[in-house]
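Enquirer: Just the structure for this:
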Amino acid sequence: MIARTNTEAQEKQQCPPLQDLGVLLQASPALAAGVCDVPAPQQRELGIAGPAGIISDLVLTSPKHQAITGLSLRCKQGIDFVLSCVLLLIALPIMVVIWIAIRCDSKGPGIIVQDRIGYRGRPFKFYKFRTMYSDCDDRAHRIYVKDWMRNRPAKNTAVFKIVGDQRATRIGTILRRYSLDELPQLFNVLKFDMSLVGPRPALPYEVDNYAPWHRERFEAPPGLTGLWQVSGRNLLSFEDMVRLDIEYLRRWSLCLDLKLLIKTIPAVIHATGH
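Expert: Numbering: from 1, shown residues only. Here you go, the predicted model:
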């Protein structure tokens, strides 16, 4: 038991700290670009410090994080359920139009089901609108994700989603740009597979390449949006994204979830990070 505890402690210490602002800025200029346009008062509210908009302040005061469990998880799920019902009522007519447009644009289902890894490493079925031709395989994306996880230098082309993906349909390109393909995930929230706010849902073949400290992001339910989405989104390197997920765990509160939901609206409208 003692040996196992020591090993777990060593694994958690492998997470690179966010205290060195210079290192993180050099690692991901896109991270700075994604949040530096946030007004100073809002930066302080969200815990974003420094002229470059790098998140740092709470790392100094809260070096450890805790998994979202128990009553905190129940409260988060309860709010998710109520808000998701409201959002679905609003979005349902739009979703019907999108489904029809997808079916008219190319052959295949309007909504696809994928395998993802969620809270505490549990697999679940993930819903989204189809944005690619139905006869495409995922080999190109597997290679791309592996390359992305090796933390290529952050550039405008170093994004999680493949730029100019030839597999994407005409409608799919538009849906991706404004994150409309993610609307069916509201059903995942109703099933408690996901939350409105949390880490990005992980792909199984992505998790196969995780280092031990990367798995800390599973200690919160995956979300439709999160700290990563309002801080550079797809322009972030893989490790910057994981750091932001762990930072979210360090600072989590229902109030923070509400702030991130509000911040997501302009990020989606302006297609920030795409």
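Enquirer: and the nearest residue to Ile68 once chain neighbours are set aside, how many neighbours?
Expert: Nearest residue to Ile68, sequence neighbours excluded (C-beta to C-beta, 6 or more residues apart in numbering): Ala220, at 4.9 Å. Any C-beta I mention is one placed from the backbone N, CA and C, and that applies to glycine too. The number of residues packed around Ala220, counting by other C-beta atoms under 10 Å, is 27.
Enquirer: Ala220 and Arg200 touch, don't they?
Expert: No. Look at Ala220 against Arg200 with C-beta atoms under 8 Å: they stay out of range, at 11.0 Å.
Enquirer: so what sits against both of those two?
Expert: By the contact definition C-beta atoms under 8 Å, 6 or more residues apart in numbering, Ala220 and Arg200 are jointly contacted by Asp245.
Enquirer: residue ranges for the strands of this structure, please.
Expert: 48-49, 54-55, 111-117, 123-129, 195-197, 223-225 (DSSP state E).
Enquirer: Throw those into a markdown table and include distance to Cys104, mean neighbour count and mean pLDDT, thanks.
Expert: Putting these into a markdown table (distance: least, C-beta to C-beta, whole Å; neighbours: other C-beta atoms under 10 Å; pLDDT from 0 to 100) gives the following:
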| stretch | distance to Cys104 | mean neighbour count | mean pLDDT |
| --- | --- | --- | --- |
| strand 48-49 | 43 | 19 | 41 |
| strand 54-55 | 43 | 24 | 40 |
| strand 111-117 | 15 | 16 | 96 |
| strand 123-129 | 13 | 18 | 98 |
| strand 195-197 | 30 | 26 | 97 |
| strand 223-225 | 26 | 25 | 95 |
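Enquirer: and Glu247, which of those is closest to it?
Expert: For the strands of the chain, proximity to Glu247 was assessed by C-beta to C-beta; strand 54-55 is nearest, at 5.6 Å.
Enquirer: quick one on the thing from earlier: now render the strands of the chain as a markdown table, adding distance to Thr169.
Expert: Formatted as a markdown table, the strands of the chain follow (distance: least, C-beta to C-beta, whole Å):
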| stretch | distance to Thr169 |
| --- | --- |
| strand 48-49 | 36 |
| strand 54-55 | 36 |
| strand 111-117 | 12 |
| strand 123-129 | 10 |
| strand 195-197 | 27 |
| strand 223-225 | 22 |
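Enquirer: what about these, which gets the closest to Asp257?
Expert: Among those, strand 195-197 comes nearest to Asp257, with 4.3 Å by C-beta to C-beta.
Enquirer: any idea how far Phe124 is from the residue nearest to Ile68?
Expert: The spacing between Ala220 and Phe124, counted by C-beta to C-beta, to the nearest Å, is 14 Å.
Enquirer: Now that Asn188 has come up, it's in contact with Gly198, right?
Expert: No. When contacts are counted by C-beta under 8 Å, Asn188 is not listed as touching Gly198 (11.2 Å).
Enquirer: neighbour-wise, which of the two wins?
Expert: Just comparing Asn188 and Gly198: by other C-beta under 10 Å the higher neighbour count belongs to Gly198, 29 against 25.
Enquirer: ok so, going back, contacts only, for the residue nearest to Ile68.
Expert: By C-beta under 8 Å, 6+ apart, the contact list for Ala220 reads 67-68, 119, 195, 198-199, 245, 248-249, 252.
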